[in-house]
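S.K.: test case, fold it:
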Amino acid sequence: MMNIRFKKRVVLSAVLLSATITLACSTPVFRYAIERWEADPYRLVVFSNGTLTEDQQQVVAGFRVYETSGYRSSPLIVDEYDISATNRLAAAVRAGLPTNRAAPCVALLYPEFMRMDTVVWSDDLTTNALNRMIMSPARLEIARRLLDGDAAVWVFIPGGDAERNRAIHEMLNAKLRELETTVQYNEDFLALAKAAGKEPPKLKFSVLELRRDNRQEAPLLAMLTQVSSSIATNSGPIVVPVFGQGRAAVLMMDEYVAGPYIEKVVQFLTGACSCEVKSQNPGFDILIPVDWVGGIKQEYVFDAELPPLKSPSAEMGTLLSATNGATGTAGKTEHRLFGAVLSVFIVVVLGGLGGATWVLLRKKRNHESS
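M.R.: Predicted coordinates for the structure are as follows:
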């Protein structure tokens, strides 16, 4: 009797787990991301040369505010080193500083799990550096649009050819307007929204131009392009779809800034979330320290009792390595993007089939033994 009850519990647990996975996976990626995927913290290295002045100490304190105050997850981690430090990280960062950058100074690094000690941006240790590095008008605008319901803000970085810039900008706008009316959410999500008495979110995209000569936005431009030298030095138009809590999905350049690739990105963003673990999905975060959770006007993740899942992963390093190639960069990234989604889908399907096979074999054995 106990054996039968145990088996019933196992089967019931499997059914409940399957239902939970279905709830989580039915949510479109862009909605799951803004509600559950907390942005990875950037790292700030402060170099001093002996004692800091009172004003400089106040600047450091201003950076440290973002480690703790008012955020569920710190958007920034601050480390201080004397210029004579022999620490591996300090030495790597110093090597990446401009030759004319003397201490005291600050250097901004990508989130740790990206496994890159690249200096994204460096500046003197001043209040002006604090203000420029932490926030900018474009980042505030990206946050505003995403919290207002945009599935993604497509950051358009013009290149050196004015005619090509115009053509790309017009094509991008036209393609996004088309996709807003043709792309459909999955049936499970629509059913859950209806059961919850909510209208599904209106699908909308927007384009935000980020000019390379805008000094106020230089740190943001660096965050988007310093993932590799080939991207940083690319003189053509670059398009970066940003979603969730400021996550850059992919970098699109050269011949890959085209309708079919835009459509594939949209399919990923609006498709069912195939994996709750953020680090197993493509993309990397931008430093936009705003109250994302408090700013959400309507929630569409219907398994609200479950905490967001996180797992450290080296996948981003692999993704960025593909992005760093001098040729076919966006193509490799695009293949990684949807290859990762396909891989997660295959794992989920195989896991389900394996569980079902196990249950059927147990039933067969029990039947034969009886």
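S.K.: quick check: Ser48 touching Tyr81?
M.R.: Yes - counting by Cβ atoms under 8 Å, Ser48 touches Tyr81, with 7.4 Å between them. Quick note: C-beta positions are derived from backbone N, CA and C, even for glycine.
S.K.: all strands for the chain, in order.
M.R.: Assigned by DSSP state E, the chain shows strands spanning 42-48, 76-82, 105-109, 119-124, 152-157, 205-209, 238-243, 247-248, 252-253, 284-285.
S.K.: end to end on stretch 239-250, go ahead and measure it.
M.R.: 8 Å (Cα to Cα, to the nearest Å).
S.K.: can you check stretch 279-288 too?
M.R.: 18 Å.
S.K.: ok now that stretch, how far from the chain's centre?
M.R.: 2 Å (Cα atoms, centre = their mean, to the nearest Å).
S.K.: cool, and stretch 234-248?
M.R.: Mean-position distance between stretch 234-248 and its chain equals 10 Å (Cα atoms, centre = their mean).
S.K.: which of the residues in that stretch are buried?
M.R.: Judged by neighbour count (16 or more other Cβ atoms under 10 Å), stretch 234-248 contains these buried residues: 234, 236-248.
S.K.: check the residues you listed and tell me the two furthest apart.
M.R.: Pairwise distances among these were taken by Cβ to Cβ; the largest, 28.5 Å, belongs to Gly236 and Gln245.
S.K.: what about the stretch 251-370 of the chain, any weak spots by pLDDT?
M.R.: 274-276, 303-370 (pLDDT under 70).
S.K.: residue nearest the centroid of this protein?
M.R.: By Cα atoms, centre = their mean, the chain has its centre lying nearest to Arg247, at 2.9 Å.
S.K.: report the contact partners of the nearest residue to that one once chain neighbours are set aside.
M.R.: In space, and not counting its chain neighbours, Arg247 is closest to Gly283: 4.6 Å by Cβ to Cβ, 6 or more residues apart in numbering. Residues in contact with Gly283 (Cβ atoms under 8 Å, 6 or more residues apart in numbering) are Phe243, Gly244, Arg247, Ala248, Ala249, Val250, Leu319.
S.K.: and for the closest residue to Gln267 other than its chain neighbours, the neighbour number?
M.R.: Take Gln267 and drop its neighbours on the chain: the residue closest to it by Cβ to Cβ, 6+ apart is Val183, 7.2 Å away. For Val183, the count of nearby residues is 16 (other Cβ atoms under 10 Å).
S.K.: which phi and psi does Val183 have?
M.R.: When read as degrees, to the nearest 10, the backbone of Val183 gives phi -80, psi 140.
S.K.: as CSV, the strands of the chain with distance to Phe189 would be great.
M.R.: Putting those into CSV (distance: least, Cβ to Cβ, whole Å) gives the following:
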stretch, distance to Phe189
strand 42-48, 32
strand 76-82, 34
strand 105-109, 37
strand 119-124, 36
strand 152-157, 17
strand 205-209, 18
strand 238-243, 16
strand 247-248, 20
strand 252-253, 26
strand 284-285, 25
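S.K.: Lys278: which of those strands is closest?
M.R.: Per Cβ to Cβ, nearest to Lys278 of the strands of the chain: strand 247-248, 8.3 Å.
S.K.: sorry, back to before: touching, the residue nearest to Gln267 and Val266? I think so.
M.R.: Yes - Val183 is in contact with Val266 according to Cβ under 8 Å; the separation is 5.9 Å.
S.K.: where exactly do the helices run in this protein?
M.R.: For the chain, the helices defined by DSSP state H occupy 2-26, 29-36, 54-68, 88-96, 127-134, 137-147, 162-182, 187-195, 218-225, 229-232, 259-270, 292-295, 315-323, 329-369.
S.K.: for the residue nearest to the centre of the chain, give the beta-bridge partners.
M.R.: As for beta bridges, Arg247 partners with Phe243, Asp285 under DSSP bridges.
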